[in-house]
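> A predicted structure for the sequence below; I have some questions about it.
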Amino acid sequence: MKNKVVLIEINKLKSHEAIEQKHLAKLIGRIKKDGRLKNPIVVDRTSFVILDGHHRLEVLKVLGCKKIPAFLVDYKSKDVHVYLRRKGLIMKLIKEAVIERGKNGKPFPYKTTRHLLKYRPERINIDLRELK
């Protein structure tokens, strides 16, 4: 299965990072004004853990959407890299820890990780009405 963008049910997704309320409030305003979601979130295709796009997911929940465009990736692939953004965390960050945090409902703090992909689709520009 290749990486691809699909519409996925929001309730199937698992977060590995917390959200920041100020950023969420700004993003709600921006997406509501646009009436469109411009970029998909990035999700591990096996576990449904969100790798990038936690705030976009929360915005769509607030706006009453049931689906979200997701770029499904093979998280075990060498094309997906994860980096630690926060200094002072004792654990060595590995992909398995990200998946575990998503599954156990105990997310890392906001902006703990950064995921870099060899390829990431942008500018999908989907009308929010299609996501309800």
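Good, I have the coordinates.
> show me the residues around residue 67 that make contact.
Contacts for residue 67 (C-beta atoms under 8 Å, 6 or more residues apart in numbering) come out as 7, 8, 9, 10, 130, 131, 132. The way it works is simple: take the backbone N, C-alpha and C, and place the C-beta from them, glycine included.
> one more time with 10 Å
By C-beta atoms under 10 Å, 6 or more residues apart in numbering, the residues touching residue 67 are 6, 7, 8, 9, 10, 11, 12, 60, 126, 130, 131, 132.
> Just the ones in helices from those residues, please.
residue 60 (DSSP state H).
> would you list the contacts of residue 67 in JSON lines and tack on distance to residue 108 and pLDDT?
Supplementary listing: the contacts of residue 67 in JSON lines, determined by distance: C-beta to C-beta, whole Å; pLDDT from 0 to 100:
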{"residue": "6", "distance to residue 108": "25", "pLDDT": "94"}
{"residue": "7", "distance to residue 108": "27", "pLDDT": "95"}
{"residue": "8", "distance to residue 108": "22", "pLDDT": "96"}
{"residue": "9", "distance to residue 108": "24", "pLDDT": "97"}
{"residue": "10", "distance to residue 108": "20", "pLDDT": "97"}
{"residue": "11", "distance to residue 108": "21", "pLDDT": "96"}
{"residue": "12", "distance to residue 108": "20", "pLDDT": "97"}
{"residue": "60", "distance to residue 108": "21", "pLDDT": "97"}
{"residue": "126", "distance to residue 108": "28", "pLDDT": "89"}
{"residue": "130", "distance to residue 108": "31", "pLDDT": "91"}
{"residue": "131", "distance to residue 108": "26", "pLDDT": "93"}
{"residue": "132", "distance to residue 108": "30", "pLDDT": "88"}
